[in-house]
Each structure stands twice: as structure tokens, then as C-alpha cells.
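A.B. asks: Sequence first, predicted coordinates after that:
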Amino acid sequence: MFNILETREKLPKEFVEQGNEPRILLKGTGYGIRVILRDDAAEDELLEEARSSVDELARIAGDTGLVIDCKKRRLTPDFLSSLLCDFVWAGGFRVLSWASDDTETLELFRNTGFTVGEPISGRPDGDRFETGSLILTQSLRSGQMVEHDGDVMLLGHMNEGAEIRASGNIFVHGRLKGVVHAGTRGGEHGVWAERFEATQVRIGGKICSSLGRESAWWGKAVLIALENGQLVARELKLDSAS
């Protein structure tokens, strides 16, 4: 368990966008996980990242279905074959449908016998589907991004160059060195880290990039939250259970 220390400190107000976009984005949805392939990445780089992500995505997805969204990328039959063999079949994923903004790619999907379009979430029209909490049971490496509509709990380390975006709170039970964005839909949410080593935190529409080794909470357990429009940091004291 942990206790919140009485002392707290407001974070600086310097706000700036930064960070490299990954080639593959995982986004939690009402029907499962949406795997978004960046359409401006080279095919060999995209396939390399897909191959290296198979085991981790399999642990995250489990029996959950996937939607593979190719955006504006125009897929060739050879690239689709490699994606199937090295990613979909290698991970044993259940693909609910394939999506694309490119008409020729959609035609390729249909001719191959794939289901296209958006899966039905099973909720009545007009009801907002809440996916709840997403629990990740492995560390995130550089270049990986996870986006989820709800809270995200990472049971592992978040390495520099990784990113998590969540409409709710973000909990990192490990070392936090990547970029986190909590409260993407607004509201007063927070970021909890067991060992804080990040240089940027974003909550709602506010970004603080003035964090560093000289800060009082570097390497410590910290809660950073948006309260009354201000980013506030609290150092947490972790007590071992007796």
C-alpha cells in the first residue's frame, strides 16, 4: 500500500509537443483491439515491427478480436501475404475485419475473401461503449504506442520512445521513461508511476516538458494529476505490507 505525502508541488507551465510516431498503433475499442498501420512507413520497416510485436500483442489481445486498419496505404498481394504469414497467422490472431481508405486495397481484401468494414459492438445506437480498464502485462519498448478509451495499467517498464494515450488514468507499475497522455477526452485524471523517469507528461490539454533528473521526484513513486486546471505532482511513499 502507499501513503500520499503532505507536501506537493505545482509543475512548470512550459507546454510543447514532441515524440516520434510509431509505425503500428494499438487502440482499444468496443469490439476489441484496432491495429493501425501507418501509411507513410516503408513496407520492410512495417513488416519488421509487425514481426517483432507478435508475442507482445498476443499477450495483450488474448482471445480478443482485431481489426487491421491500413489507412491510406495501398497494399500489394505480396505485402498482404507477408502480413498474413508473419503477423496474423504467426500470432494466431482472430481478425474481425480489415479496414482501408484506399479503394484498391479494399477490393483486394474483398477478392481475398476478407471481411471489411466496422464490426458491430453489440450496443444500441446512441449508447457510448465504455471499454473499461486495459491491463498490459509486459514492458513497452521504444516505438510502441497504446491508445485506449479508459484507464491503462502497465505491469512492467515503459521504455524511452514508448507512448500510452488513455481517456482515463494511467498506472505504470515499473519504470516510466516514455511519453504518457492521460485524460485525452478531458476531465481531471492522473498518471501514477512506481519509478518516475519521464521528461514529458500530458494530462488533458496540458503538457509539461520541464521534467528532468534535477526534479525532486525523479526516480521515485509519483502521482501527477490535473486539479483545478493545474498540473500537480505528489511524491508517494510505498510501504511494504507487513
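C.D. replies: That came through fine.
A.B. asks: Give me the sheet partners of the longest strand along the chain and which way each runs.
C.D. replies: Longest strand in the chain by number of residues (criterion: DSSP state E): strand 230-238. Sheet pairing here is set by DSSP bridges, and for strand 230-238 it gives strand 2-4 (antiparallel), strand 9-10 (antiparallel), strand 222-227 (antiparallel).
A.B. asks: In it, which residues are buried?
C.D. replies: 231-236 (16 or more other CB atoms under 10 Å). In short, each C-beta sits where N, CA and C put it, glycine included.
A.B. asks: Domain ranges for this structure, per the record?
C.D. replies: Listed by automatic domain parsing, the domain ranges of the chain are 2-19+130-238, 31-112.
A.B. asks: can I get those domains in a markdown table with mean pLDDT and distance to Pro119?
C.D. replies: Formatted as a markdown table, these follow (pLDDT from 0 to 100; distance: least, CB to CB, whole Å):
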| stretch | mean pLDDT | distance to Pro119 |
| --- | --- | --- |
| domain 2-19+130-238 | 75 | 14 |
| domain 31-112 | 85 | 4 |
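A.B. asks: Turn the ones you listed into CSV, including distance to Glu118.
C.D. replies: Formatted as CSV, these follow (distance: least, CB to CB, whole Å):
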stretch, distance to Glu118
domain 2-19+130-238, 15
domain 31-112, 7
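A.B. asks: Grab the nearest non-local neighbour of Glu197.
C.D. replies: Nearest residue to Glu197, sequence neighbours excluded (CB to CB, 6 or more residues apart in numbering): Lys177, at 4.7 Å.
A.B. asks: Just the element for the residue nearest to the spatial centre of the chain, please.
C.D. replies: In the chain, the residue lying closest to the centroid (CA atoms, centre = their mean) is Val146, at 1.2 Å. Using DSSP states H and E, Val146 sits within strand 145-148.
A.B. asks: and the helix or strand just after that strand, which strands flank it?
C.D. replies: Counting by DSSP H and E, the next helix or strand C-terminal to strand 145-148 is strand 152-154. Strand 152-154 pairs in its sheet with strand 134-136 (parallel), strand 170-176 (parallel), by DSSP bridges.
A.B. asks: ok, residues contacting the first one?
C.D. replies: With CB atoms under 8 Å, 6 or more residues apart in numbering as the contact definition, strand 134-136 has outside contacts at 28, 60, 146, 148, 150-156, 166.
A.B. asks: Stretch 181-198: how far from the chain's middle?
C.D. replies: Relative to its chain's centre, stretch 181-198 lies at 13 Å (CA atoms, centre = their mean, to the nearest Å).
A.B. asks: Quick check: end-to-end length of that stretch?
C.D. replies: End-to-end distance for stretch 181-198, by CA to CA, to the nearest Å: 12 Å.
A.B. asks: just the buried residues of strand 230-238 now: which is nearest Glu56?
C.D. replies: Distance ranking of those against Glu56, using CB to CB, places Leu236 first at 27.9 Å.
A.B. asks: Compile the strands paired with strand 152-154 into TSV and extend it with columns for distance to Ile203 and mean neighbour count.
C.D. replies: Formatted as TSV, the strands paired with strand 152-154 follow (distance: least, CB to CB, whole Å; neighbours: other CB atoms under 10 Å):
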stretch	distance to Ile203	mean neighbour count
strand 134-136	18	18
strand 170-176	9	22
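A.B. asks: All set, thanks.
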